[in-house]
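**Student:** Could you work out the structure for the sequence below:
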Amino acid sequence: MVDILTNPSVRDFLTSLADGDLNIATEFVWIIIATVLSMVGGAIGGMLLAGKDIGYQFSAMLGALFAPAGVIPAILLGLVALSFLTNY
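**Tutor:** Numbering: from 1, shown residues only. You can find the predicted model right below:
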């Protein structure tokens, strides 16, 4: 594990991720993080909204599947806008 953190390419990637630099690698990481967080939020929201009606597990699964449908286009649009604004 220590070798991974001392690797110069991994260290540069983590530094660019923490600094907020936008390149293709950091954008993919942010999309994955946003997708996972939206799935968790959708599952919680589905359980709160329809847990008693259709069952907690089924509503959590539906919420986790449908939540990224709205989040991924918004994240992509936001990253495009941020990369466009950082050029000017």
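
**Student:** Okay, and the residue located most distally from the centre of the chain sits in which element?
**Tutor:** Here the chain reaches farthest from its C-alpha mean at Asp53, the gap being 29.1 Å by CA atoms, centre = their mean. Assigned by DSSP states H and E, Asp53 belongs to helix 24-54.

**Student:** just Leu5 next, same as before
**Tutor:** Using DSSP H and E, Leu5 sits in helix 2-6.

**Student:** what's in contact with that helix?
**Tutor:** Contacts with helix 2-6, where a contact means CB atoms under 8 Å, 6 or more residues apart in numbering, come from 10-11. C-beta here means a position set from N, CA and C on the backbone, and glycine is covered the same way.

**Student:** With just CA atoms, put that helix into CSV.
**Tutor:** Extracted in CSV, the C-alpha atoms of helix 2-6 (Å, rounded to 0.1, in the frame of the first residue of the first chain):
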residue,chain,number,x,y,z
VAL,A,2,2.9,2.4,0.7
ASP,A,3,4.2,1.7,-2.8
ILE,A,4,1.0,2.9,-4.3
LEU,A,5,1.0,6.2,-2.5
THR,A,6,4.7,6.8,-3.3
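
**Student:** What helices and strands are in contact with the helix holding Asp53?
**Tutor:** With contacts taken as 3 or more CB pairs under 8 Å, 6 or more residues apart in numbering; DSSP states H and E, helix 24-54 sits against helix 8-19, helix 56-86.

**Student:** Spatially central residue in the chain, please.
**Tutor:** Nearest to the centroid of the C-alpha atoms of the chain, with distances taken as CA atoms, centre = their mean, sits Ala34, at 1.4 Å.

**Student:** mind listing what Phe13 touches?
**Tutor:** Phe13 neighbours (CB under 8 Å, 6+ apart): 25-26.

**Student:** count of neighbours near Phe25?
**Tutor:** In this structure residue 25 is Ala, not Phe. A total of 12 residues lie near Ala25 under the criterion other CB atoms under 10 Å.

**Student:** Let's see the pLDDT reported for it.
**Tutor:** Note for Ala25: predicted pLDDT of 83.

**Student:** ditto for Ala34
**Tutor:** Confidence score, pLDDT, at Ala34: 87.
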